[in-house]
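Engineer: structure for the following, please:
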Amino acid sequence: MTHTTGTLAEVQERWYTVQEIAERLRMNPQTIRRWLRYGDLHGHYFGGPAGWRVRESDLEAFLEARRGTPGGAPGIEQDQP
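Structural biologist: Residues are numbered from 1 along each chain as shown. As a prediction, this is how the structure comes out:
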């Protein structure tokens, strides 16, 4: 019998590649990899050609946190007062 962890929502959650995130934010993929290596952006490294993957919920949490900082992150719109 196989034991799986996580809820159905977690299993079905969208995962993004470094390239997809870089395109979405209009940034260099190396910047995304640096955020991942330093732990600024939470992701999972699968090694080889698969490389890094980031859950949609982790990406959204990262972006939300960046919206609240002065200057935010490039490519992330700031809320106007």
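Engineer: so E23 sits in a helix?
Structural biologist: Yes. Counting by DSSP: H, G, I helix; E, B strand; the rest coil, E23 falls inside a helix.
Engineer: tally of neighbours for it?
Structural biologist: 14 (other C-beta atoms under 10 Å). Where you see a C-beta, it was placed from the backbone N, CA and C, and this is true even at glycine.
Engineer: ok, now which ones touch the spatially most central residue of the chain?
Structural biologist: Centroid-nearest residue in the chain, with C-alpha atoms, centre = their mean: L59, separated by 3.4 Å. Shown in contact with L59 (C-beta atoms under 8 Å, 6 or more residues apart in numbering): 16, 21, 41.
Engineer: try 7 Å this time
Structural biologist: Contacts for L59 (C-beta atoms under 7 Å, 6 or more residues apart in numbering) come out as 16, 21.
Engineer: ranges for the helices of this structure?
Structural biologist: 8-12, 18-25, 29-38, 56-67 (DSSP state H).
Engineer: lowest-confidence stretch among those?
Structural biologist: Mean pLDDT values for these show the minimum at helix 8-12, a mean of 65.
Engineer: report how many residues lie close to N28.
Structural biologist: 11.
Engineer: let me see the backbone angles for it.
Structural biologist: phi -70, psi 140 (degrees, to the nearest 10).
Engineer: so it makes contact with I21?
Structural biologist: No. Using C-beta atoms under 7 Å, N28 makes no contact with I21, being 10.9 Å away.
Engineer: quick check: E64 vs Q30, distance?
Structural biologist: Going from E64 to Q30 by C-beta to C-beta, to the nearest Å gives 23 Å.
Engineer: nope, I21 is what I was after
Structural biologist: I21 is 12 Å from Q30, by C-beta to C-beta.
Engineer: more neighbours: which of the two?
Structural biologist: Neighbours per residue, other C-beta under 10 Å: of I21 and Q30, the larger number sits with I21, 25 against 10.
Engineer: not counting sequence-adjacent ones, nearest residue to that one?
Structural biologist: Excluding its sequence neighbours, the residue lying closest to I21 (C-beta to C-beta, 6 or more residues apart in numbering) is I32, at 5.0 Å.
Engineer: thank you, goodbye.
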